[in-house]
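Engineer: Quick one, structure for this:
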Amino acid sequence: MAAKVGGKSGGKFDLGQNSDMNVTPFVDVMLVLLIIFMVSIPAATVSIKLDLPPAIPPPPGTIVKEPTLINIQRGQRIFIGETATSLERLTGDLSLQLQRDDPAVPVTEQRVYIRGDRDVLYGDFMAVMNTLQGNGFYQVALINEEL
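Structural biologist: Have a look, this model is predicted:
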């Protein structure tokens with residue numbers, strides 16, 4: 001607590017009123033909180049384990065398989081690679097394409113990449129996503145492009 005000692009407002013024992021805020025307890029509490037956070041945060045970041053695969057490039061001469069890409073354009077125009085399709089024929093055409101690319105793996109377990117143009121409506125994009133998931137295609141990755 002702060003007190004006003006002496007002054008012209010009164011007698012020898014008149015302390016008067018002090019309207020200044022005492023910030024000493026506030027600073028004490030903030031320093032204690034700062035120390036607590038400084039001690040606890042490094043322990044939380046050290047305990048996170050990540051098992052990342054090593055960055056090993058494919059051997060020279062290896063042909064890398066191109067991913068299957070679904071491109072959605074404005075007006076519900078849908079393309080699988082370069083081939084045009086519609087929402088009703090999407091899963092059938094996609095199954096044929098995936099079967100041709102890798103016949104050893106079931107078509108619903110292969111990864112499919114989806115790219116939507118900037119001016120595609122959200123409802124059109126979600127219609128494609130829902131159609132794929134409704135037919136068992138859960139290995140779906142989204143592609144974004146930087147501006």
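Engineer: Now do the domain split for this protein, please.
Structural biologist: 1-46, 68-142 (automatic domain parsing).
Engineer: quick one: which of the ones you listed is nearest residue 57?
Structural biologist: With distances scored as Cβ to Cβ, the stretch of these nearest to residue 57 is domain 68-142 (19.8 Å). (Glycine included, C-beta is placed from N, CA and C.)
Engineer: and the closest one, how far apart are its ends?
Structural biologist: 12 Å (Cα to Cα, to the nearest Å).
Engineer: That one - what's its average pLDDT?
Structural biologist: Averaging pLDDT along domain 68-142 yields 90.
Engineer: So what's the gap between that domain and the chain middle?
Structural biologist: 22 Å (Cα atoms, centre = their mean, to the nearest Å).
Engineer: thinking again about what came up before, please identify the deepest-packed of the domains of the chain.
Structural biologist: domain 68-142 (a mean of 15; mean count of other Cβ atoms under 10 Å).
Engineer: Show me the helices in the protein, by range?
Structural biologist: 24-46, 90-101, 122-134 (DSSP state H).
Engineer: Next, format these as a markdown table and append distance to residue 110.
Structural biologist: As requested, these are exported to a markdown table (distance: least, Cβ to Cβ, whole Å):
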| stretch | distance to residue 110 |
| --- | --- |
| helix 24-46 | 37 |
| helix 90-101 | 5 |
| helix 122-134 | 12 |
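Engineer: Show me the one of these that comes nearest residue 72.
Structural biologist: Closest among the helices of the chain, once you apply Cβ to Cβ, is helix 122-134, at 5.7 Å.
Engineer: counting contacts, what elements does that closest one pack onto?
Structural biologist: The contact analysis (3 or more Cβ pairs under 8 Å, 6 or more residues apart in numbering; DSSP states H and E) places helix 122-134 against strand 68-73, helix 90-101, strand 112-116, strand 140-142.
Engineer: any chance of those in a markdown table, plus distance to residue 23?
Structural biologist: Shown next, in a markdown table, are these (distance: least, Cβ to Cβ, whole Å):
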| stretch | distance to residue 23 |
| --- | --- |
| strand 68-73 | 59 |
| helix 90-101 | 66 |
| strand 112-116 | 55 |
| strand 140-142 | 51 |
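Engineer: Which one, of those, ends up nearest to residue 54?
Structural biologist: strand 140-142 (21.5 Å).
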